Every structure is written in C-alpha cells, then in structure tokens.
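Colleague: quick one, structure for this:
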Amino acid sequence: MLELGDEAVEAHREIGRFAAESGVDLVVAVGGDLAKQLALAAGAAGVPEIALVGDNATAAAYLDSILRPNDVVLVKASRGGQLWQIAQALTGQAVTGL
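Modeller: Reported below is the predicted structural model:
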C-alpha cells in the first residue's frame with residue numbers, strides 16, 4: 001500500500017470501509033498518516049473497535065493481550081511495512097526483518 005503514490009490516501013480509506021462492510025470487529029492500523037486514514041474510514045463506516053499504533057511491536061503486544069482462542073487475524077500491508085513481523089510474533093516465530 002505504500003507504493004500507491006497519489007492513490008494511497010483513498011486506497012487506505014477504501015480498505016477501512018471494506019473492513020466495515022465485511023463485518024470486521026477490530027481494525028488495528030499500524031503507522032502514521034495513511035494508517036490513520038484507514039482507521040478513521042473504518043470507524044466512520046461502522047467498525048466497532050479501532051486502534052492506531054505506531055509500530056509492529058506495539059501492534060503485536062496489543063493483539064497478544066486481547067486475542068482469544070479461535071479469533072481470526074488478517075495482516076494486510078505493503079512489504080515496506082514489514083507487518084509479517086506481527087504474524088510471526090503472534091505465532092511464536094522469530095521476528096525477522098527484510
């Protein structure tokens with residue numbers, strides 16, 4: 001998503017709206033301005049819980065503190081965001097960089 005250039009803001013908002021349309025219960029947006037656009041759009045479209053965090057480690061710690069057995073997590077980002085680190089942390093794997 002970082003690579004979208006001029007379309008990045010609207011694309012992030014669209015994903016937020018899509019999350020609401022899909023019945024998502026929680027959006028955890030990681031990063032700065034673009035993540036904030038996604039979170040705001042998701043909340044405005046009806047996602048009941050929104051969290052905006054600054055980095056992957058904070059996102060992983062937050063999710064680890066609230067997830068229950070059988071919860072489903074979708075991690076979505078560009079490769080530049082390295083959000084696979086969140087999935088690795090939540091599944092007990094070693095966290096790797098690029």
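
Colleague: can you give me the offset of stretch 28-48 from its chain's centre?
Modeller: 8 Å (C-alpha atoms, centre = their mean, to the nearest Å).

Colleague: ok, and for it, which residues are buried?
Modeller: If you call a residue buried by 16 or more other C-beta atoms under 10 Å, then stretch 28-48 has these buried ones: 28-31, 34-35, 37-43, 47. Every residue, glycine included, has its C-beta placed from N, CA and C.

Colleague: strands along the protein, start to end?
Modeller: In the chain, the strands defined using DSSP state E lie at 26-30, 49-53.

Colleague: for residue 70, the count of nearby residues, please.
Modeller: 5 (other C-beta atoms under 10 Å).

Colleague: in this protein, which segments are predicted with low confidence?
Modeller: Counting by pLDDT under 70, the chain shows low-confidence ranges at 1-2, 98.

Colleague: all helices of this protein, in order?
Modeller: 8-21, 33-45, 56-66, 84-90 (DSSP state H).

Colleague: take the strands of the chain and lay them out in JSON lines including distance to residue 86.
Modeller: What follows is these, written out as JSON lines (distance: least, C-beta to C-beta, whole Å):
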{"stretch": "strand 26-30", "distance to residue 86": "8"}
{"stretch": "strand 49-53", "distance to residue 86": "10"}
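
Colleague: among the ones you listed, which comes closest to residue 12?
Modeller: Among these, strand 26-30 comes nearest to residue 12, with 8.5 Å by C-beta to C-beta.

Colleague: got the angle for that closest one vs helix 8-21?
Modeller: Between the axes of strand 26-30 and helix 8-21, defined by axes from the mean of the first three to the mean of the last three C-alpha atoms, to 10 degrees, the angle is 160 degrees.
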